[in-house]
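> Sharing a model that was predicted from the sequence below.
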Amino acid sequence: MRGTPAPPLLGTEDRNCQDSNVFVLGQIDRLKPQVVILFAVWNEYEYASVANTVLAIKKLGVPSVLVVGPAPQWKDSLPRNLYQYYLHDSSHRIPYRMSLGLVLDVPGVDNSMRRLISVLPATYVSTWNLMCSELGCLTRLGEGGDSIVSWDYGHLTTLAAEYVAERLPLFFAPASRGNVP
């Protein structure tokens, strides 16, 4: 585990995580949102317990629960992987997509979660499918140095989080940033 924060799951062993998640459920009950979105670095947790969490949220009367699958992860930080690519590319390019350094178990976790969520009263959104193709996974969303999608092994930058959020199946039309290669 890489020191990630508490997952949005009921029944975690960590007391602080339990307390945090019970507090959040109380806020959901108090605020009565139309949509609750669950997202975590799923391959670092026992994500099978997401079923209990989804059912608890639905029991509070939330109409829609979205479970957002794992984002691409890198064996080393994405900036370091990009630097390695740059050094070995004869044209010294920074690619929009690449597979160099990708953690290979993320697609399997994505598929497992999709199957798990398919039998629950929730909608599954594959971040992997939003960000990856046969050409590799997105590394940047523009030309500038601030367009990178992850600042470490897999935490999305604000720009990348907006990219994913704009593609979630919510009840409003997202603002489009155009097509990304």
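Looks like it came in fine. Numbers count the residues shown, from 1 in each chain.
> Check which residues of the longest helix along the chain are buried.
When the chain is scanned for its longest helix (criterion: DSSP state H), the result is helix 15-31. Going by neighbour count (16 or more other Cβ atoms under 10 Å), the buried part of helix 15-31 is Cys17, Ser20, Asn21, Val24, Leu25, Ile28. Yep, even glycine has a C-beta here, placed from its N, CA and C like the rest.
> which residues make contact with it from outside it?
6-12, 36, 53, 56-57, 60, 62 (Cβ atoms under 8 Å, 6 or more residues apart in numbering).
> after that helix, next one along is what?
Sequence-wise, the next helix or strand downstream of helix 15-31 (DSSP states H and E) is strand 35-39.
> tell me which residues in that following strand are buried?
Val36, Ile37, Leu38, Phe39.
> Check stretch 66-85 too.
Result for stretch 66-85 [16+ other Cβ under 10 Å]: buried residues 66-74, 77-78, 81-82, 85.
> Roughly how far does Gly101 sit from Val67?
26 Å (Cβ to Cβ, to the nearest Å).
> Same check on Trp74?
In terms of Cβ to Cβ, Trp74 sits 23 Å off from Val67.
> And the buried residues of stretch 66-85, which two are furthest apart?
The span of those, defined through Cβ to Cβ, is set by Leu66 and Tyr85 at 32.7 Å.
> for this protein, what spans make up the strands?
For the chain, strands defined by DSSP state E occupy the ranges 35-39, 64-68, 97-98, 123-125, 132-133, 136-138.
> got the angle between the first one and helix 15-31?
What it means is strand 35-39. Counting by axes from the mean of the first three to the mean of the last three Cα atoms, to 10 degrees, strand 35-39 points 160 degrees away from the direction of helix 15-31.
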